[in-house]
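Chemist: attaching a predicted model along with its sequence, questions to come.
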Amino acid sequence: MEILTYRESYGFEVANAGWLSQFIGKSSGSALEMNQDIRNISGATLSSRHVTEGVKRILAYYASHLR
């Protein structure tokens, strides 16, 4: 996964490779819960939550339509 452009003044850390690496190896069966298996970024809770939810949707779509 890669974030190509991030235009908000807060939450740009979601584009960092270190934070994104949490999603490596995850599948549609993974919990992907904030503050559990996915670290929240202080001051960027909405960005962290929205990226996590987006990954969940992509994995669910992949599992049901592309696999």
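Modeler: In hand now; what should we look at? Quick caveat: nothing in here was measured; it's all calculated off a predicted structure.
Chemist: next, work out how far apart the nearest residue to Ala15 once chain neighbours are set aside and Leu32 are.
Modeler: Excluding its sequence neighbours, the residue lying closest to Ala15 (Cβ to Cβ, 6 or more residues apart in numbering) is Ile3, at 4.1 Å. For the C-beta atoms, the positions are set from N, CA and C on the backbone; glycine is no exception. Applying Cβ to Cβ, to the nearest Å, the value for Ile3 to Leu32 is 17 Å.
Chemist: more neighbours, these two?
Modeler: Neighbour totals were compared for Ile3 and Leu32, and Leu32 leads with 18 against 13 (other Cβ atoms under 10 Å).
Chemist: assumed the more buried one was part of a strand.
Modeler: No: using DSSP: H, G, I helix; E, B strand; the rest coil, the secondary structure at Leu32 is coil, not a strand.
Chemist: show me the contacts for it.
Modeler: Listed by Cβ atoms under 8 Å, 6 or more residues apart in numbering, the contact set of Leu32 reads 23, 26, 38, 52, 55-56, 59.
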